[in-house]
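Colleague: Fold the stuff below for me.
(2 chains)
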Amino acid sequence: EAGVAQSPRYKIIEKRQSVAFWCNPISGHATLYWYQQILGQGPKLLIQFQNNGVVDDSQLPKDRFSAERLKGVDSTLKIQPAKLEDSAVYLCASSLARYSGNTIYFGEGSWLTVV
Amino acid sequence: KQEVTQIPAALSVPEGENLVLNCSFTDSAIYNLQWFRQDPGKGLTSLLLIQSSQREQTSGRLNASLDKSSGRSTLYIAASQPGDSATYLCAVRPDSGAGSYQLTFGKGTKLSVIP
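Modeller: Numbers count the residues shown, from 1 in each chain, chains lettered A, B, ... in the order given. The predicted structure follows:
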């Protein structure tokens, strides 16, 4: 079974530039998550989708971050304009369903450095 | 607000030793608790998931226990190997019924197993 795919794996940009990350979840997984992990910290949820609808985006900095999941499969996370404090790993994850006790599966992450 | 603490932050042991990693959480109203492993430059791999009604889960040399009422979980690793070297994170999901699958993570314990 293929895992959660993310691209690009690494990105270096200057502050105030924009960047976009792509995620393809495990086939059949209805729920998709984007987490931000700053070095030395645990991951923090940015946004959760159930199919193509947003379930929780309470911790997403909406003035600069946006995300979409068209057709309920792939998802894109965009940052515009980037700040130095956005340097982190952006982890995409998926699970079968929101209300089940199913395990959540993570991709390898997209590493962002803002200089 | 749920807070998850992992002690110690780092641990170094000789190969073959048995070891215990600790995780504590402040709000006992959890749906489940999950232990993850993170290798350098990689995403998170789920190791064990314990539902709130369970006391423990086992997988190979790993055993995770949950004491929900006291807000504690332990991950026991038997006969440690150099390949076990990684950062181990625990995460709890709130028992909020219709709420999101917003896992709250600890900062992790970085384990080094010395050959």
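Colleague: what's the stretch of helix or strand B:S65 belongs to packed up against?
Modeller: Taking DSSP states H and E as the criterion, the element that holds B:S65 is strand B:62-67. If contacts are counted by 3 or more C-beta pairs under 8 Å, 6 or more residues apart in numbering or on different chains; DSSP states H and E, strand B:62-67 sits against strand B:30-38, strand B:44-51, strand B:56-59, strand B:72-77. Any C-beta I mention is one placed from the backbone N, CA and C, and that applies to glycine too.
Colleague: Setting aside sequence neighbours, what's the nearest residue to the residue of chain A found nearest chain B?
Modeller: Per C-beta to the nearest C-beta, the residue of chain A with the smallest distance to chain B is A:G42, at 2.8 Å. Here the nearest residue to A:G42 in space, its sequence neighbours aside, is B:F105; by C-beta to C-beta, 6 or more residues apart in numbering or on different chains that works out to 2.8 Å.
Colleague: now swap in B:S65 and tell me
Modeller: Closest residue in space to B:S65, ignoring its immediate chain neighbours: B:E56 at 4.4 Å, by C-beta to C-beta, 6+ apart.
Colleague: give the contact list for that neighbour.
Modeller: In this structure, B:E56 makes contact with B:I50, B:N63, B:A64, B:S65, B:L66, judged by C-beta atoms under 8 Å, 6 or more residues apart in numbering or on different chains.
Colleague: those helices in chain A, which residues are they?
Modeller: Residue ranges of helices cannot be listed for chain A, since DSSP state H assigns none.
Colleague: re earlier: so for the contacts of B:E56, which is the shakiest by pLDDT?
Modeller: Scanning these for pLDDT, the smallest score is found at B:I50, 93.
Colleague: pretty sure that one is touching B:T74, no?
Modeller: No. Shown here, B:I50 and B:T74 do not form a contact pair, counting by C-beta atoms under 8 Å, at 10.8 Å.
Colleague: hey, what's in contact with both of those two?
Modeller: Where contact means C-beta under 8 Å, 6+ apart, the residues bridging B:I50 and B:T74 through contact with each are B:A64, B:S65.
Colleague: which sections of the chain are below the confidence cut-off?
Modeller: All of this is about chain A. For chain A, the stretches flagged by pLDDT under 70 are A:1, A:98-101.
Colleague: That was the other one, I meant chain B.
Modeller: With pLDDT under 70 as the threshold, chain B has low-confidence stretches at B:96-101.
Colleague: Up against chain A, what does it have?
Modeller: Chain B comes close to chain A at residues B:4, B:31-32, B:34, B:36, B:41-46, B:49, B:51, B:89, B:91, B:99-108, as judged by C-beta under 8 Å from any C-beta of the partner chain.
Colleague: let's see 7 Å
Modeller: Residues of chain B lying near chain A by C-beta under 7 Å from any C-beta of the partner chain: B:32, B:42-44, B:46, B:49, B:51, B:89, B:100-103, B:105-108.
Colleague: What subset of those residues is buried?
Modeller: The neighbour-count test (16 or more other C-beta atoms under 10 Å in any protein chain shown) applied to the residues of chain B next to chain A identifies B:32, B:43-44, B:46, B:49, B:89, B:100-103, B:105-106, B:108 as buried.
Colleague: so what's the residue of chain B found nearest chain A bridging to?
Modeller: In chain B, the residue that lies nearest chain A is B:F105 (2.8 Å; C-beta to the nearest C-beta). Going by DSSP bridges, B:F105 is paired in beta bridges with B:A91.
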